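Sequence first, then the predicted structure:
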Amino acid sequence: MAFLKEVRFNWDQVQNKKEYPFNIPALQEIQSLNLDYNVVFFVGENGTGKSTLLEALAHKCGFATMGGGRNNILEDRRGNFSLEEILTLSWFPKVDKGFFLRAESFFNFANYLDDMAEEFGGIIYASYGGKPLQQQSHGESFITLFQNRFKQKGIYLLDEPEAALSPQRQLAFLRTIWELEHTGKAQFIIATHSPILLSYPNSCILSFDEKALMPKEYQDTEHFQLTRDFLNNPKAFLDKLLR
């Protein structure tokens, strides 16, 4: 079940549309964004705005923008979250649980859990497989998080989860998404570069590479086409690239 149905952009509140993050090309023409899908993917090159929008949604949901849920307080000193101020979220039903995963700051989140465990005891790890995330490999800690922390009814915002996952673990993650989605308890919005994750059936793929944010079919994404063409003839690609 999709909980977050729509995001509306209140551009009349923006004084200077030439300033970041309001000058992101993919977002400037958008008045509203349909997110009425159980699984939504944001795709695009680095710098096109997918992580910026995902962070704004996390901030609007009340999640820690360095990663975590509503009860995780991680100070974020990176600054500009003004995009969140012009967003209106339309829910049905409203949920206040979930998680925001930022692959690049996951180490900080794991440290935060260790600090909390020192203060309150090992029960802190109960929702994370029963042991510190730091005692697991990066990929294992991600899978542990997915399989244990993502059991609550809620919305899960993930920024490049494939960063720590081998291709085999990405397939395992697809199974985790499927299991949670079919309970009717989870909605996923995922920014990714992974053609494996993007293959998830009946999902919505939104491309930030276009002039305006728009949906794309899996086979039409650059991620799928480039990977397919490379695997079909890697020698031709490498000969051209390395000549």
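Nice, I can see it. Everything numeric here is computed off the predicted structure, so don't read it as measured data.

avg pLDDT for stretch 147-159?
Averaging pLDDT along stretch 147-159 yields 84.

Alpha carbons only: can I get it in CSV?
Provided in CSV are the C-alpha atoms of stretch 147-159 (Å, rounded to 0.1, in the frame of the first residue of the first chain):
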residue,chain,number,x,y,z
GLN,A,147,15.5,-7.5,7.5
ASN,A,148,15.1,-6.2,11.1
ARG,A,149,14.5,-2.5,11.1
PHE,A,150,12.1,-2.4,8.2
LYS,A,151,9.3,-4.5,9.8
GLN,A,152,7.2,-1.6,11.0
LYS,A,153,4.4,-0.2,8.9
GLY,A,154,5.9,2.9,7.3
ILE,A,155,7.7,4.6,4.5
TYR,A,156,11.3,3.8,3.7
LEU,A,157,13.5,6.3,1.9
LEU,A,158,16.8,4.9,0.6
ASP,A,159,19.6,6.7,-1.0
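
ok, and what's touching it?
If you take C-beta atoms under 8 Å, 6 or more residues apart in numbering as the criterion, stretch 147-159 is touched by 3-4, 51, 54-55, 57-58, 61, 63, 95-104, 127-129, 176, 180, 185-192. Backbone N, C-alpha and C define where each C-beta goes, glycine included.

In ChimeraX, how would I select the buried members of those?
With 16 or more other C-beta atoms under 10 Å as the burial test, the buried ones among these are selected in ChimeraX as follows:
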select :3,4,51,54,55,57,58,61,63,95,97,98,99,100,101,102,103,127,128,129,180,185,186,187,188,189,190,191,192
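
Narrow the contacts of stretch 147-159 to those in helices?
51, 54-55, 57-58, 61, 176, 180 (DSSP state H).

Output these in JSON lines, with distance to residue 43 appended to each entry.
Formatted as JSON lines, these follow (distance: C-beta to C-beta, whole Å):
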{"residue": "51", "distance to residue 43": "12"}
{"residue": "54", "distance to residue 43": "12"}
{"residue": "55", "distance to residue 43": "16"}
{"residue": "57", "distance to residue 43": "16"}
{"residue": "58", "distance to residue 43": "18"}
{"residue": "61", "distance to residue 43": "21"}
{"residue": "176", "distance to residue 43": "20"}
{"residue": "180", "distance to residue 43": "21"}
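
Which parts of this protein are strands?
Per DSSP state E, the chain has strands spanning 4-9, 32-34, 39-43, 87-91, 98-102, 154-159, 186-191, 204-207, 214-216. These are given in chain order.

which one of those lies closest to residue 240?
strand 39-43 (24.4 Å; C-beta to C-beta).

Check what contacts that closest one and list those residues.
In contact with strand 39-43 (C-beta under 8 Å, 6+ apart) are residues 50, 53-54, 177, 181, 187-193, 197-198, 200, 202-209, 216, 221, 223.

what are the pairing partners of that strand, and which direction each?
strand 186-191 (parallel), strand 204-207 (parallel) (DSSP bridges).
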